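Colleague: when you get a sec, could you give me coordinates for this:
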Amino acid sequence: MTSLRSLIRQSALTLMAGLLLVFSVLVYVGGDALFHRFVDGRLFALAETLSEIVELHPNIIESSGEDFARAAEANRGKKEQNELHEATHSLRVFSPDGRLIWRGPNAVAQAPIPNHVLDQVRLRNTVFETVDTSDGKPVRHVFLAIPRQGPVRYVLQAETSLLLYRETRKGLVILLTLGSGTILLVAWVGSGWLAKKVLTPIEALSTGAETMSEADLGQRLTLDSPYPEFRRFTQAFNSVMDRFQRSGETQQRFCDIAAHEMKTPLTILQGNLDVALMKARTTEEYREALINNLEQVGRLIALTRSLLTLANFTSGKPPVHLVPLALEPMIQDLMDELTLLADDRRITLSFESHAVPPVLGDAQWLKQALINLLDNALHYTPSGGAVTIRLQAVGDGVAVAVEDTGHGIEPEHLPHLFERFYRTDWARAKDAGGTGLGLPIVKEIVEAHGGSISVTSQVDKGSTFTLRLPIPVQQPTQI
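Modeller: I've put the predicted structure just below:
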């Protein structure tokens, strides 16, 4: 597996090499084009100067001999002579049929002019060509027609050596190669330094995390880095540790309380059995002992079922299947099921409904949440009281409120109602068989639906538990 350090260095080197290659190719191609343009421009300027002299003095070729070339050079001026000093150049004049009429002092013997070149010049086209001399040296030619207007009397050839051009091009290649190599070396060293700079804080965090144990969950990593990204990374890691520590403490507390809650019915079971076996009992006494034990078994089953439900909802994937769900028919069915129980306790059970849109919900689990709330409301509301369910749209969601006229809840207990196994003293006295898991289960179910639960209460007036469920966003219809 490639390490991040190696990946950073290889990526930096590859990127730099690619950029340098593109840059070098562009410089080489551009430089080559500029050199060619410079050579051709100088050569064409020399040829035009001679052409103008011949046009002004048609007989100068036959009469001047080598003085013609010197006259042309003098006419070009000192500046242009200096610019062309480094490049060997020569001149030749041919007849329209390709016969050599005159040549400058630097000109050497060469092969006859190709026919296709003569044809182009006779058409008054300027022709450039690159050839190699007999000794292998590259030269550049330009051919012009003289005069520029009217019948062609002469063909002027200007020639310059390309040795300086090729040496310059070779030097450019060497310069680009050395420069690219140096830059790549610097990039390799610099990328190593950068990788070390970047990875040192990460290695420090990794070392600190690897040395942590369960006994060190309260410790937090510190990183003295000037870069905000690393400080943010450290804060995020410490935040995860905070959540992990709270989760571990909650789990430990949950296990301790669950063990305590299960210990009580098991102790009662064991005591009843011990008493029943101490001596012979009558049938009625054995029956009473079995009934007491059956009650404790029922309590254990209810506790176990509640614990399994909480375990499912606190896992990574709550067991809910969200589909579009109309709440009013579901609540109405639930009301029909509980009406007999409410009547038996002489409690008025009513349902106030307003038109609300469907929500995304799981009917089974939402029904279970409402049953838990209604069971508490009916259980803690005295005879002659009332329990009301209200369904209405609130903002961008739907609210289901369960209101009772029971004893109410003291203000100091309200923040803890949804904690597992939490029960008020009054509730314990009223119902010794409760588990204290009904409201936590409701909270987990509602949050699994993306909603929330809240409670308001006044002592001796009653309590109101309100579920809020979001309305699904309507997708725009495509036409």
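Colleague: just the helices in the stretch 251-400 of the chain please.
Modeller: For the stretch 251-400 of the chain, the helices identified by DSSP state H, counting those that start in this stretch occupy 283-313, 327-344, 363-380, in order along the chain.
Colleague: out of those, flag the one nearest Val139.
Modeller: Proximity to Val139, assessed across these by Cβ to Cβ, is greatest for helix 283-313 (90.5 Å). To be clear about C-beta, it is placed using only N, CA and C from the backbone, and glycine gets the same treatment.
Colleague: ok, Pro114 to Val139 distance?
Modeller: With distances taken as Cβ to Cβ, to the nearest Å, Pro114 is found 15 Å from Val139.
Colleague: and for Cys255?
Modeller: Plainly put, Cys255 is 96 Å away from Val139 if you go by Cβ to Cβ.
Colleague: swap in Thr182?
Modeller: Counting by Cβ to Cβ, the gap from Thr182 to Val139 is 36 Å.
Colleague: go ahead and confirm Gly451 touches Ala399.
Modeller: No: with contact taken as Cβ atoms under 8 Å, Gly451 and Ala399 are classed as non-touching, separated by 9.5 Å.
Colleague: and for those two, which residues touch both?
Modeller: When contacts are counted by Cβ atoms under 8 Å, 6 or more residues apart in numbering, Gly451 and Ala399 have Leu467, Arg468, Leu469 as shared neighbours.
Colleague: which ones are touching Thr339?
Modeller: Taking Cβ under 8 Å, 6+ apart as the definition of contact, the neighbours of Thr339 are Leu349.
Colleague: Phe94 now?
Modeller: Counting by Cβ under 8 Å, 6+ apart, Phe94 touches Leu100, Ile101, Ile113, Tyr154, Val155, Leu156, Gln157.
Colleague: specify the local secondary structure of the second one.
Modeller: In three-state terms, and counting by DSSP: H, G, I helix; E, B strand; the rest coil, Ile101 is strand.
Colleague: domains in the chain, by residue range?
Modeller: Here the chain is described, according to automatic domain parsing, as comprising the domains 4-170, 228-313, 323-470.
Colleague: looking at these, which one is packed in the most?
Modeller: Per-residue neighbour counts averaged over each of the domains of the chain give the maximum for domain 323-470, namely a mean of 17 (mean count of other Cβ atoms under 10 Å).
Colleague: what's the first-to-last distance across that one?
Modeller: Across its full length, domain 323-470 reaches 13 Å between end residues, using Cα to Cα, to the nearest Å.
Colleague: use 2 as the first number for this chain going forward.
Modeller: Renumbered: residue one is now 2, and that last one reads domain 324-471.
Colleague: tell me the mean pLDDT over that domain?
Modeller: Averaging the model's pLDDT scores along domain 324-471 yields 87.
Colleague: likewise for stretch 140-160?
Modeller: Across stretch 140-160, pLDDT averages out at 83.
Colleague: next one: stretch 91-110
Modeller: 77.
Colleague: stretch 114-124 too?
Modeller: The average pLDDT for stretch 114-124 rounds to 85.
Colleague: closest one to Leu27 out of the contacts of Phe95, please.
Modeller: Gln158 (34.2 Å).
Colleague: remind me which residues of the stretch 202-351 of the chain are low pLDDT?
Modeller: 209-220, 222, 224-228, 251, 254-255, 257-259, 261-262, 265, 314-318 (pLDDT under 70).
Colleague: where does Phe129 sit: helix, strand or coil?
Modeller: Assigned state for Phe129: strand (three-state reduction, three-state DSSP).
Colleague: for it, give the beta-bridge partners.
Modeller: For Phe129, the beta-bridge partners are Val143 (DSSP bridges).
Colleague: wait, what's in contact with it?
Modeller: When contacts are counted by Cβ under 8 Å, 6+ apart, Phe129 touches Asp41, Leu44, Arg141, His142, Val143.
Colleague: how about a cut-off of 7 Å?
Modeller: By Cβ atoms under 7 Å, 6 or more residues apart in numbering, the residues touching Phe129 are Asp41, Arg141, His142, Val143.
Colleague: what is the helix or strand the first one falls within packed up against?
Modeller: Pointing back at Asp41 there. Here Asp41 sits within helix 5-57, counting by DSSP states H and E. Helix 5-57 sits against helix 61-65, helix 68-77, strand 139-147, strand 155-162, helix 164-211, with contacts defined as 3 or more Cβ pairs under 7 Å, 6 or more residues apart in numbering; DSSP states H and E.
Colleague: hang on, the earlier thing: for Arg421, state which of the contacts of Phe95 is nearest.
Modeller: Within these, the smallest distance to Arg421 is 104.1 Å, found for Gln158 (Cβ to Cβ).
Colleague: for the closest one, give me its contacts.
Modeller: Contacts of Gln158 were listed using Cβ under 7 Å, 6+ apart, and they are Arg93, Phe95, His142, Phe144.
Colleague: the closest residue in space to it that isn't next to it in sequence bridge partners, please.
Modeller: Closest residue to Gln158 in three dimensions, ignoring its sequence neighbours and counting by Cβ to Cβ, 6 or more residues apart in numbering: Arg93, at 4.3 Å. Here Arg93 shows beta-bridge partners Arg104, Gln158, assigned using DSSP bridges.
Colleague: can you give me the distance of Arg93 to Asp344?
Modeller: Here the criterion is Cβ to Cβ. By it, Arg93 lies 128 Å from Asp344.
Colleague: and Asp33, by the same measure?
Modeller: Using Cβ to Cβ, Asp33 is found at 102 Å from Asp344.
Colleague: same deal with Gly182?
Modeller: For Gly182, the distance to Asp344 under the criterion Cβ to Cβ works out to 95 Å.
Colleague: residue contacts, Ala277?
Modeller: When the contact criterion is Cβ under 7 Å, 6+ apart, the partners of Ala277 are Tyr287, Ala290.
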